[in-house]
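Peer 1: mind looking at a prediction? Sequence and model below.
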Amino acid sequence: MLTVTELRRNFGEHRALDNVSFEVRPGRMTGFIGANGSGKTTTMRIILGVLAAHGGSVVWHGAPITQAVRQRFGYMPEERGLYPKAKVAEQITWLGRLHGLDHATARENTLRLLEQLELAERAGDKLEELSLGNQQRAQVAAALVHDPTLLILDEPFSGLDPIAVETMLGVLRERADSGVPVLFSSHQLGLVERLCDDVVIISGGVVKASGGREELRAKYGSRRFELVLENDAGWLRDLPEVRIVDLDGPRAVFEPIGNGRTDQRVLRAALERGAVRSFTPVVPSLNEIFKEAI
Ligand code: ATP
């Protein structure tokens, strides 16, 4: 498990990270989401030791991260790292060797990954001859070639077509399922919602929410209910205890105001007026959780 505790980082007067804490758990895909400039890349760079923190700690399985431990991490940086003029398979193999693999293993891993990422036919081409989406697949192969113990990916899905997203997803899921903690940033909240077991929401260098996706859903969803009646639901507007979120004929989405079992009182009031078709707590989308959290 990777544990990030109270990370702080300034750039001049600007506080880019303000006591950032979260965990990346083994076997879990953790989505790191936040607006542009919220601190995702800065956090990832600090985890990878590319950038120094001004405070706080990053700990791997309870111990400080040494160079040898870090060498086993896999990182796909935002600025991407491969050489445009070098051949795809050759440079990925070379990177595998830099991470401590012998040549045969590095070569074997490279070819297996390129196959998995549907890039085998381009193995002998220079990186710059590939489309941007295919270059990105090659970057992922480079992050994975040494079978990393931890995987950190900065926007791995940006600019990929839906089929490439699925391919990439399969490869990352497989790593997570084998017990590797995977942290990736993304602006595609729908994708994060579908992929992630855990989510970290950051805004202005401050973590606003973190934890299991379902946990967050339950936390943010407990306040909202959908009521579908047989007749018009307009009378709900007159109840002082509820805030209407959406009202459309017999269907209303509302939030109880204050504490207590307002939801149950609203249901009783509805039943007194006629038949109730459904009454359900609303499960918020990640998009809604994100907006509320920040
Ligand atoms: P994006 O989604 O756009 O990639 P991000 O969440 O990754 O954004 P960071 O790149 O971590 O955000 O930037 C966080 C803040 O720190 C921003 O205000 C950014 O301008 C600032 N920052 C990052 N790197 C530097 C640097 N080298 N020098 C000065 N300021 C920096």
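Peer 2: That came in fine, so what should we check first?
Peer 1: what sits against the single nearest residue of the stretch 51-200 of the chain relative to the ligand?
Peer 2: At 5.9 Å from the ligand, Glu78 is the closest residue in the stretch 51-200 of the chain, using CB to the nearest ligand atom. Bear in mind the C-beta positions are built from the backbone N, C-alpha and C, glycine included. Residues in contact with Glu78 (CB atoms under 8 Å, 6 or more residues apart in numbering) are Thr41, Asp154, Glu155.
Peer 1: apply 10 Å and report the result again.
Peer 2: Going by CB atoms under 10 Å, 6 or more residues apart in numbering, Glu78 touches Lys40, Thr41, Met44, Arg45, Leu153, Asp154, Glu155, Ser158, Ser185.
Peer 1: report the two of those residues separated the most.
Peer 2: Arg45 and Ser158 (17.5 Å; CB to CB).
Peer 1: who's more crowded, those two?
Peer 2: Ranked by neighbour count (other CB atoms under 10 Å), Arg45 and Ser158 place Arg45 first, with 19 against 14.
Peer 1: per-residue pLDDT, the more buried one?
Peer 2: Arg45 is assigned 96 on the pLDDT scale.
Peer 1: my guess is it contacts Ala52, does it?
Peer 2: Yes - between Arg45 and Ala52 there is a contact under CB atoms under 10 Å: 9.3 Å.
Peer 1: shared neighbours of those two, anything?
Peer 2: Taking CB under 10 Å, 6+ apart as the criterion, Arg45 and Ala52 both touch Arg9.
Peer 1: any idea how many residues pack against Val140?
Peer 2: Counted with other CB under 10 Å, residues neighbouring Val140 total 25.
Peer 1: that one: which element?
Peer 2: Under the criterion of DSSP states H and E, Val140 resides in helix 132-144.
Peer 1: what of Leu113?
Peer 2: Using DSSP H and E, Leu113 maps to helix 103-116.
Peer 1: what's next to that helix, contact-wise?
Peer 2: 88-102, 119-123, 137-138, 140-147, 167-168, 170-171, 174.
Peer 1: make a ChimeraX selection of the buried ones in the contacts of Glu78.
Peer 2: Buried residues within those, by 16 or more other CB atoms under 10 Å, are selected in ChimeraX with:
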select :40,41,44,45,153,154,155,185
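Peer 1: need the contacts of Glu78 in a markdown table with distance to the ligand and secondary structure, can you?
Peer 2: Below are the contacts of Glu78 laid out as a markdown table (distance: CB to the nearest ligand atom, whole Å; DSSP: H, G, I helix; E, B strand; the rest coil):
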| residue | distance to the ligand | secondary structure |
| --- | --- | --- |
| Lys40 | 4 | helix |
| Thr41 | 3 | helix |
| Met44 | 8 | helix |
| Arg45 | 8 | helix |
| Leu153 | 12 | strand |
| Asp154 | 7 | coil |
| Glu155 | 7 | coil |
| Ser158 | 10 | coil |
| Ser185 | 7 | strand |
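Peer 1: which one of the contacts of Glu78 is nearest Ile294?
Peer 2: Lys40 (13.0 Å).
Peer 1: those helices in the stretch 101-250 of the chain, which residues are they?
Peer 2: With DSSP state H, counting those that start in this stretch applied, the stretch 101-250 of the chain shows helices at 103-116, 132-144, 162-177, 189-195, 213-221, listed in chain order.
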